[in-house]
Each structure stands twice: as structure tokens, then as C-alpha cells.
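Visitor: My questions concern the predicted model and sequence given below.
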Amino acid sequence: MQALGIDIGGSGIKGAPVDIKTGKLLADRIRIKTPEGAKPKPMAAVVAEIAQAFKWKGRIGVGFPAPIKQGIVMMAANVSQKWVGINADELLSSTTGCACRVGNDADVAGMAEMEFGAGKGQMGTVIMITLGTGIGSAIYFNGHLLPNTEFGHLQMDGKDAEHRASAAARVRDSLSWKKYAKRLNKYLNEMEKLFWPDLFIVGGGISKDHEKFLPLLELNAKIVPAQFQNEAGIVGAALFSQKR
Ligand code: BGC
């Protein structure tokens, strides 16, 4: 069985058809820059463009960078405020002509890792953290998701943690890997104090550079890179399209 997985981010929108039994991409992914202002209609048009490029007719799963309840965008940190209150399931379904199901980007990325990747078979508490424009979080206990956790907005040094420790913050503040690891360590330490996870999984584009910063972290819990790296969002979104 196949579904189209779309990962919507603050800087890019990516998609590919996925075999949901194996988690494998069935074609090279397409990436299109997120339109300036990240407003609903232009972003929906990009999703439709990706669906058309694959001549897609079936279900589409979408990961979106905000808490989502029954398809509705609850808050917007890295996209336009115009998204707040919009039923993203409906907007994307009507724009693409396909049945779309939208969930939080980190929650769906976690689904891919729990089903096929670094969290496969892992019991206890697993926290997936995605480091990109913001910080996304997903918490799983014995394989079950607690949806819409927003740990990127935990306060750190008087700011949202994502403004200090996301991948974008590393670039913006021109941090060396050592300095960045120090900040990330502080953030993950805070998470440890609150949740005592058994495993952290680190995803997002930066996870391809995991050798540069994961070995520098000092934590109680085991920490591993996402096996799907930046593709967890696409694969997880495709899986999410099938869940009811
Ligand atoms: C949003 C989250 C999202 C994360 C990663 C945060 O700013 O509030 O919902 O998961 O960015 O995209």
C-alpha cells in the first residue's frame, strides 16, 4: 500500500510517495521552497504542485509545524499567523483533490522512527526531537504517542528553547559544534529532569551531521540519530494518512 507523504517546514516543503508497509520512498523526493510569508493558500498550492508532479490520486499524509487537533492548526510559531484556526485537512484536501490528513510534523516523524527506525521495538519513554527551523517534539510511551507536545517552547535562558538550540539557531548565532552541543545539552538535560526518557531520537536536517555533536552530549538517557534522518517527516506523514 502506498501514500504520499508531505513534510511542511518553515523553509521547505518536501514530498514523496512511500510504501507504508516498508517505509521506503518509492521515488526521489521533491523539495520546493516554502513561499515567502508562509501563508495558507500559497503553501497549499505547493502541496498540490508536489501531488501533481507525482500524478497522485490516493491518500496524502502531511506533517505540519504546529499543534494540530482534528485537522485544525492551533498555533503558529514558524509559519504565518493566518494558519491559526484553519482546518488544514479541509484546505489541503480541496486544493489537491485528494484526501489529506494533517498532523504535527514531529509527531509524524516519530511514527516513522518508532515503526521502522531508531525507536523500533523500544518500550518505555522515547522522546523524538527534531532540530530544524524550530524544535519539534514527540513523546512515545510503550509505542503510544502523546500528541502535540510542544517542548521546543520550553523556556531556556529566558527564551523559547527553539530560539537557542534549533538547527537554525546554530547557523544564526554562528556556533561551533562544541558550543552548539553545550546549548543542546542544557536543553536535553532539562527534558531529562522532567520526563526521564529511556531514549532520545534526534531528527531534522542536522541529524546527518550527528557525528559532529551527538558524541559531545552528556546525558543519562541513550541518544541516537533518526535512522531516516530528514526523511522521517515524509515517511511518517505517509503512515499517518492511514491512521484513524
Ligand atoms: C512548532 C511545533 C513544531 C516545531 C518543529 C515549533 O515551532 O510549535 O509544532 O513541531 O516547531 O517544526
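Guide: That came in fine, so what should we check first?

Visitor: Now do the domain split for the chain, please.
Guide: 2-107+232-240, 122-226 (automatic domain parsing).

Visitor: show me where this structure has helices.
Guide: With DSSP state H as the criterion, the chain has helices at 40-53, 88-96, 105-116, 161-165, 167-172, 177-195, 210-213, 232-240.

Visitor: picking up where we left off before, just send the domains of the chain back as a markdown table, with mean neighbour count and distance to the ligand too.
Guide: For glycine as for every other residue, the C-beta is placed from the backbone atoms N, C-alpha and C. Converted to a markdown table, those look like this (neighbours: other CB atoms under 10 Å; distance: least, CB to the nearest ligand atom, whole Å):
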| stretch | mean neighbour count | distance to the ligand |
| --- | --- | --- |
| domain 2-107+232-240 | 20 | 3 |
| domain 122-226 | 19 | 3 |
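
Visitor: Adding mean pLDDT, write these out as CSV.
Guide: Formatted as CSV, the domains of the chain follow (pLDDT from 0 to 100):
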stretch, mean pLDDT
domain 2-107+232-240, 97
domain 122-226, 97
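
Visitor: Need those in CSV (columns: distance to residue 115).
Guide: Formatted as CSV, those follow (distance: least, CB to CB, whole Å):
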stretch, distance to residue 115
domain 2-107+232-240, 6
domain 122-226, 9
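
Visitor: Residue 116: which of the ones you listed is closest?
Guide: Among the domains of the chain, the nearest to residue 116 by CB to CB is domain 2-107+232-240 (3.7 Å).

Visitor: Now do the same contact list for residue 240.
Guide: Going by CB atoms under 8 Å, 6 or more residues apart in numbering, residue 240 touches 61-63, 101, 103, 107-108, 111.

Visitor: If we use 10 Å, what do you get?
Guide: Contacts for residue 240 (CB atoms under 10 Å, 6 or more residues apart in numbering) come out as 3, 5, 20, 59-63, 101-104, 107-109, 111-112.
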